[in-house]
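Colleague: show me the folded form of this:
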Amino acid sequence: MSLADIIQANDQYHRWIEKSVDRAKKDKKYQKDLEQAWQEKTSTLEYHSLPTELEIPLIALPHFDHPAQMARYLGEWGLPGEFPYGLSIYPKAFLIVDKQREHEEPTRIFAGLGSPEMTHERFRHIVKRQQSKRLSTAFDTNTLLGRSADNPDYFFDIGEGGVSVTTYQDVLTLYDGFFEDDVSISMTINGPSLWMTAARLQAAKEKGQDLAKVRGTSQTDPCKEDDAQNELLFPLGPSIKIAIDMFEWCSKNAPLYYPINVSGYHIEQKGATPIQQAAFTLANGFTLCEYYAARGMEIDAFAPNFSFFFSNGLDAEYAVIGRVARRIWAVAMRERYGASERSQKLKYHIQTSGRSLHAQEMSFNDIRTTLQALMALQDQCNSLHTNAYDEAVTTPTEDSVRRALAIQLIIQRELGMSGNENPAQGSYALEQLTHAVEEAVLREFERLSERGGVLGAMETGYQRGKIQDESLHYETRKDSGELPIIGVNTFENPNPESEARPPERMRSSDAEKQAQLANLDAFHARHAARVRDALQQLQRVAREGGNVFAELMETVKVASLGQITNALFDVGGR
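Modeller: Okay, the predicted model is just below:
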């Protein structure tokens, strides 16, 4: 399967829609069937009562004068929860209706600072009084690069910009009390995600949790590391191989866990346009599908556990990024892969744009984040993180994190139109924009296909070059004022000295860094007698082409992150 096949599948599907519309204009029996189907769908609509005793429909559907209109609507959009999932992959995504939910609130809060103890305490603070416990973890540079923090050159990085996690004991401490079936833990980590996921699942097992009920996500996306983030530990081939190892093991032993999160967020943050973010991310997802299929895995054994991660900025295209991605994925899964309904449903997380946060007039950042969150929720994202206004200068304070969470809660619980599932549907501008963005994404697929697909294009530096060009274009427009940014290059504060003082920068103290090093030394000492044999066995499995993740489930008990990374460097390269 190639990207050309995906393009062809989408083109054929849209031609089928046009044929269906033409048929609905002429075929009396088909007209009657469409009218009957539409009547069945609309007769069971539920309503939400407003304080004024008026009612709004939970799902608002159009009134049609002719069955041909029904045929086009069902083909292009479908009802919420129906193919091609233009509106949503669920009939009810996250509405509050008499306090009952069919699905959880999409709220997911990102945290990570200093030691595992510090971040654990912040997690505890965040989940208080929350209906759903959905945590995302930020890791420090040492952890993200899979390196040992006991090298003096890396001392300053310990616990900076994220939590320091280098041993199995750290994982037990970090998530203590969260090894419960109703908790979902997301880990924003790629190169070392093999180790981190093994440690997280092994810790859940030790705490008595049934692995079949463990929920969460590991990012583990090697392709976007090559495109944008530059934190690929091993060469791309070995990186993809161990990602497949993890996916294969989790599909059999932890079926509710999402071991890969195909990420466009970092692609966009590096400078890509909304179109490039969507195209490169979806193309990476299809490429990984090909690798899994080549491993002998059936499409329905892995596609349901794919998830995606996008950034939402303020450009118009972000208002439709979800519906475009859902349609392209659904059509390809059904028409080209023959996948089941569950595999056709693209699930994705949105994070508001970190690049849109500015150190000048920081209080304005909450306004930008609110608008981005509103677009994401109206596009039916499955999970959402709202950035804190002070992230331009520091790891967020507890106060700023609470404000960021309030943005989501006010939209979901106070904004009256949130009582309706599809308030933006039916907008002429939105529907035309959806078609235009979808067409642009498929044309980017063509350019990738002409260069030998995703990996062939990577070899020529195509994706990286396009992202860098767009980044330069963005910064040039910002600096010249052509791209207006309120409070930064226009509508600037005439009295900048009156601006609120920036918050004190949150940093991991030297004492906390030293304590983390002491914990690492103690871990090494406890397992000194076993670690050498464990690492040699891990290397043996890797050299022989076995499932590295299955072996790593045991190795993490006695070997630190740095020891495991270095052992795998010796096998797969650096």
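
Colleague: only C-alpha atoms for contact and neighbour calcs from this point on.
Modeller: Will do.

Colleague: in the host helix or strand of Val454, what's buried?
Modeller: Secondary structure assigned from DSSP states H and E places Val454 in helix 453-459. Going by neighbour count (16 or more other C-alpha atoms under 10 Å), the buried part of helix 453-459 is 453-455, 457-458.

Colleague: from those, pick the one nearest Ser115.
Modeller: Among those, Met458 lies closest to Ser115 (C-alpha to C-alpha), at 36.7 Å.

Colleague: coming back round to it: just the CA trace of the helix holding Val454, in CSV.
Modeller: Taking Å, rounded to 0.1, in the frame of the first residue of the first chain, the C-alpha atoms of helix 453-459 are listed here in CSV:
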residue,chain,number,x,y,z
GLY,A,453,6.9,7.9,0.0
VAL,A,454,7.5,9.1,3.6
LEU,A,455,10.9,7.4,4.1
GLY,A,456,12.1,8.2,0.6
ALA,A,457,11.2,11.8,1.1
MET,A,458,13.0,11.8,4.5
GLU,A,459,16.2,10.6,2.8
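
Colleague: packing partners of that helix?
Modeller: Contacts defined by 3 or more C-alpha pairs under 8 Å, 6 or more residues apart in numbering; DSSP states H and E place helix 453-459 against helix 274-294.

Colleague: where in this structure is pLDDT low?
Modeller: For the chain, applying pLDDT under 70 flags the ranges 1, 93-105, 129-132, 500-503.

Colleague: biggest strand in it, by residue count?
Modeller: Longest strand in the chain by number of residues, with DSSP state E as the criterion: strand 306-312.

Colleague: name the next helix or strand following that one along the chain.
Modeller: Defined by DSSP H and E, the subsequent element after strand 306-312 is helix 321-335.

Colleague: can you name every helix or strand that that following helix contacts?
Modeller: With contacts taken as 3+ C-alpha pairs under 8 Å, 6+ apart, helix 321-335 sits against helix 3-26, helix 274-294, helix 341-344, helix 428-450.

Colleague: could you find the closest non-adjacent residue to Gln468?
Modeller: Gly271 (6.4 Å; C-alpha to C-alpha, 6 or more residues apart in numbering).

Colleague: show the contacting residues for the one you found.
Modeller: Counting by C-alpha atoms under 8 Å, 6 or more residues apart in numbering, Gly271 touches 467-472, 474.

Colleague: try 6 Å
Modeller: By C-alpha atoms under 6 Å, 6 or more residues apart in numbering, Gly271 lies in contact with 467, 470-471.

Colleague: just the ones in helices from the residues you listed, please.
Modeller: Among the contacts of Gly271, the members found in helices (DSSP state H) are 467, 470-471.

Colleague: need the residues that contact stretch 457-467.
Modeller: 227, 271-272, 451.

Colleague: by neighbours, which of the contacts of Gly271 wins?
Modeller: Neighbour counts for those peak at Ile467, which has 22 neighbours (criterion: other C-alpha atoms under 10 Å).

Colleague: any chance of the contacts of Gly271 in CSV, plus distance to Ala373?
Modeller: Conversion of those to CSV gives the following (distance: C-alpha to C-alpha, whole Å):
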residue, distance to Ala373
Ile467, 24
Glu470, 24
Ser471, 23
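
Colleague: about what we covered before: and of the ones in helices among the contacts of Gly271, the nearest to Asn261?
Modeller: Of all the ones in helices among the contacts of Gly271, Ile467 has the smallest distance to Asn261: 20.3 Å, by C-alpha to C-alpha.

Colleague: the closest one and Gln276: what is the separation?
Modeller: Distance from Ile467 to Gln276, counting by C-alpha to C-alpha, to the nearest Å: 8 Å.

Colleague: kindly report the same for Gly146.
Modeller: 29 Å.

Colleague: would you mind telling me which of these two has the busier surroundings?
Modeller: Neighbour totals were compared for Gly146 and Gln276, and Gly146 leads with 27 against 22 (other C-alpha under 10 Å).

Colleague: show me the contacts for the more buried one.
Modeller: Counting by C-alpha under 6 Å, 6+ apart, Gly146 has contacts 192, 562, 565.

Colleague: pull the number of nearby residues for the second one.
Modeller: This means Gly562. Using other C-alpha under 10 Å: Gly562 sits among 20 other residues.

Colleague: and if you look at Glu341?
Modeller: Count around Glu341 with other C-alpha under 10 Å applied: 15.

Colleague: next: the one 5 residues further on.
Modeller: The tally of other residues near Leu346 (other C-alpha under 10 Å) stands at 25.

Colleague: number of residues surrounding the nearest residue to it once chain neighbours are set aside?
Modeller: Excluding the flanking residues, the one nearest Leu346 by C-alpha to C-alpha, 6+ apart is Arg326, at 5.4 Å. Residues lying near Arg326 (other C-alpha under 10 Å) number 23.

Colleague: next: the one 3 residues further on.
Modeller: Other residues near Trp329 number 23, with proximity taken as other C-alpha under 10 Å.

Colleague: look up how far Gln463 lies from it.
Modeller: With the distance defined as C-alpha to C-alpha, Trp329 ends up 20 Å from Gln463.

Colleague: repeat that for Leu45.
Modeller: 45 Å.

Colleague: for the two, indicate the residue with more neighbours.
Modeller: Applying other C-alpha under 10 Å to Leu45 and Gln463 shows that Gln463 carries more neighbours, namely 23 against 12.

Colleague: would you map the strands across the chain?
Modeller: In the chain, the strands defined using DSSP E lie at 47-49, 55-57, 109-111, 133-137, 183-187, 215-218, 257-258, 260-263, 306-312, 348-352, 383-385.

Colleague: mind giving me the packing neighbours of the third one?
Modeller: In this case it means strand 109-111. Strand 109-111 is packed against strand 133-137, with contacts defined by 3 or more C-alpha pairs under 6 Å, 6 or more residues apart in numbering; DSSP states H and E.

Colleague: list the pairing partners of the strand it packs on within its sheet, with orientation.
Modeller: Using DSSP bridges, the strands paired with strand 133-137 are strand 109-111 (parallel), strand 183-187 (parallel).

Colleague: chain center to the last one: distance?
Modeller: Spelled out, it's strand 183-187. Strand 183-187 sits 12 Å away from the centroid of its parent chain (C-alpha atoms, centre = their mean, to the nearest Å).

Colleague: got a list of contacts for it?
Modeller: Strand 183-187 has contacts (C-alpha under 6 Å, 6+ apart) with 133-137, 215-218.

Colleague: please apply the same query to the shortest one.
Modeller: Outside of strand 109-111, the residues that reach it under the criterion C-alpha under 6 Å, 6+ apart are 135-138, 385.

Colleague: closest to Leu256 among those?
Modeller: Using C-alpha to C-alpha, the contacts of strand 109-111 come closest to Leu256 at Leu135, 15.7 Å.

Colleague: count the neighbours of that closest one for me.
Modeller: 24.

Colleague: residues contacting it?
Modeller: Going by C-alpha under 6 Å, 6+ apart, Leu135 touches 108-109, 185-186.

Colleague: who wins for neighbours among the residues you listed?
Modeller: Sorting these by how many neighbours each has (other C-alpha under 10 Å) puts Arg108 first, at 26 neighbours.

Colleague: do I have it right that that one meets Arg134?
Modeller: Yes: using C-alpha atoms under 6 Å, Arg108 is in contact with Arg134, at 5.0 Å.

Colleague: in stretch 110-121, which residues are buried?
Modeller: Neighbour counts over stretch 110-121 (16+ other C-alpha under 10 Å) mark 110-120 as buried.

Colleague: same deal with stretch 468-479?
Modeller: Residues 468, 470-471, 474 are the ones in stretch 468-479 that count as buried (16+ other C-alpha under 10 Å).

Colleague: next one: stretch 176-192
Modeller: Residues of stretch 176-192 classed as buried under the neighbour-count rule (16+ other C-alpha under 10 Å) are 176, 178-180, 183-192.

Colleague: farthest-apart pair in these, please.
Modeller: Farthest-apart pair in those is Glu180 and Gly191; separation 26.3 Å (C-alpha to C-alpha).
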